[in-house]
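*Asks:* test case, fold it:
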Amino acid sequence: MIKDIQIIQNDTQLHWFLDHISQDLSQITDTLNTCLRLLSNPDSIKLPITYNNLLTGIIIRDGPFLKNLRINGFKFKNLHITQPFELVQIKQCQLLIIDSIEILENFHNIKNQSHDHHKYVSLFTDLKDKINLSKQLLQLPCDPNLVFPNNIPNYDLFNPTLPTNFTMDIYINQGNLCIDFKKLHVIHDEPWCSFINGKSFIDIVKEDLKLGKIKVQDLDNLEELKIYKDLGINSTFTWFKKFKPIDYVTKCITFNSMVVMIDKNIEVNTSDPILISVLTKLDTLDYLITKYLDNLRMLVGYSHK
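*Replies:* All right, here's what the predicted structure looks like:
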């Protein structure tokens, strides 16, 4: 009997809380729709780019696409893209916002109908995760495939064609549009430039160091180590040492089936007022939903972890 009364009281408290925040959730839905509209706005926004008088240009963004990018400087003369370039972070953010709106619509459909308290917690947890991730997408490139060395640009997208010893990453960071140029020095020194069974020798050595198979002091005499003799390294390669072995290991990176060092790097940021506005809105929503979720967990007896 007492247990039944407690269940009724808990259910009453929960639904009072849900009714109390219902109007706020409607406003959150409106804010999410505003964010989606801003990110999908077909009106182009033109943004200048500059870097210490060494590089100038413009970016024209249209929703989740760069419609135009023109750059002069840093070895480039009137470098531009020949077709729209999709900004994956904005596209993914749009999809997460759509999912969040659907979750809120689902909440309004089940409110006061479901007595499964855990269902509400699960719903708000899902909502919090999606809003938090949508915010992160405008804060930094979460996907490592968007940046060097995982990102391999479409060299034919540029006119004139981007040289293969250059790379360019285009991404969003803290609401800013960022273009990261790197001029690369391609390593031709054996065996450091070599690939064995599809894996660069430099990555093999780095992994062996990480696993403790070799020590840093072994780097000066790798050709004498049995594990590399077994790979045929000693008999196959001449050990050129243009750089110190530690420099090869610490400065070389495998990129686009090459082993490279970064010769020069320029990162250009241009403030995008629309993206910054959306990021600010999502940050506020993330705070509110987190607060609601904490209260909801207390009401249904969850321990905050």
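
*Asks:* quick one: P64 and L231, what's the gap?
*Replies:* According to Cβ to Cβ, to the nearest Å, P64 and L231 sit 46 Å apart. Glycine gets a C-beta too; all of them are placed from N, C-alpha and C.

*Asks:* actually T290, sorry about that
*Replies:* With distances taken as Cβ to Cβ, T290 is found 52 Å from L231.

*Asks:* the more surrounded of the two?
*Replies:* Counted by other Cβ atoms under 10 Å, T290 and L231 do not tie: L231 has more neighbours, with 18 against 14.

*Asks:* right, and the more buried one touches I196 too?
*Replies:* Yes. Under the criterion of Cβ atoms under 8 Å, L231 makes contact with I196 at 5.9 Å.

*Asks:* now for those two: what residues contact both?
*Replies:* The contact sets of L231 and I196 overlap at I204 (Cβ atoms under 8 Å, 6 or more residues apart in numbering).

*Asks:* what stretches of the stretch 51-200 of the chain score poorly on pLDDT?
*Replies:* Applying pLDDT under 70 to the stretch 51-200 of the chain flags the ranges 111-117.

*Asks:* residue ranges for the helices of it, please.
*Replies:* Per DSSP state H, counting those that start in this stretch, the stretch 51-200 of the chain carries helices over the ranges 88-110, 117-139.

*Asks:* mind putting the ones you listed into CSV with distance to E224?
*Replies:* Converted to CSV, the helices of the stretch 51-200 of the chain look like this (distance: least, Cβ to Cβ, whole Å):
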stretch, distance to E224
helix 88-110, 47
helix 117-139, 47
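
*Asks:* would a markdown table of those helices with distance to F181 and mean neighbour count be doable?
*Replies:* Output for the helices of the stretch 51-200 of the chain, formatted as a markdown table (distance: least, Cβ to Cβ, whole Å; neighbours: other Cβ atoms under 10 Å):
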| stretch | distance to F181 | mean neighbour count |
| --- | --- | --- |
| helix 88-110 | 19 | 17 |
| helix 117-139 | 22 | 19 |
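
*Asks:* part of a strand, is T29?
*Replies:* No. Counting by DSSP: H, G, I helix; E, B strand; the rest coil, T29 is not found in a strand; it is helix.

*Asks:* quick one, what contacts it?
*Replies:* By Cβ under 8 Å, 6+ apart, the contact set of T29 is 101, 104-105.

*Asks:* redo that, cut-off 6 Å
*Replies:* Applying Cβ atoms under 6 Å, 6 or more residues apart in numbering, we find T29 in contact with L104.

*Asks:* would you map the strands across the stretch 201-305 of the chain?
*Replies:* Counting by DSSP state E, counting those that start in this stretch, the stretch 201-305 of the chain has strands at residues 253-255, 258-271.

*Asks:* right, and the ones you listed - which one's nearest T125?
*Replies:* strand 258-271 (33.4 Å; Cβ to Cβ).

*Asks:* now the closest one: average pLDDT?
*Replies:* For strand 258-271, the mean pLDDT works out to 94.

*Asks:* stretch 17-37 now?
*Replies:* The pLDDT scores in stretch 17-37 average 88.

*Asks:* pull out the buried residues from that stretch.
*Replies:* Residues 17-18, 21, 25, 28-29, 31-32, 35-36 are the ones in stretch 17-37 that count as buried (16 or more other Cβ atoms under 10 Å).

*Asks:* out of the strands of the stretch 201-305 of the chain, which gets nearest to I246?
*Replies:* Of all those, it is strand 258-271 that lies closest to I246, at 13.0 Å by Cβ to Cβ.
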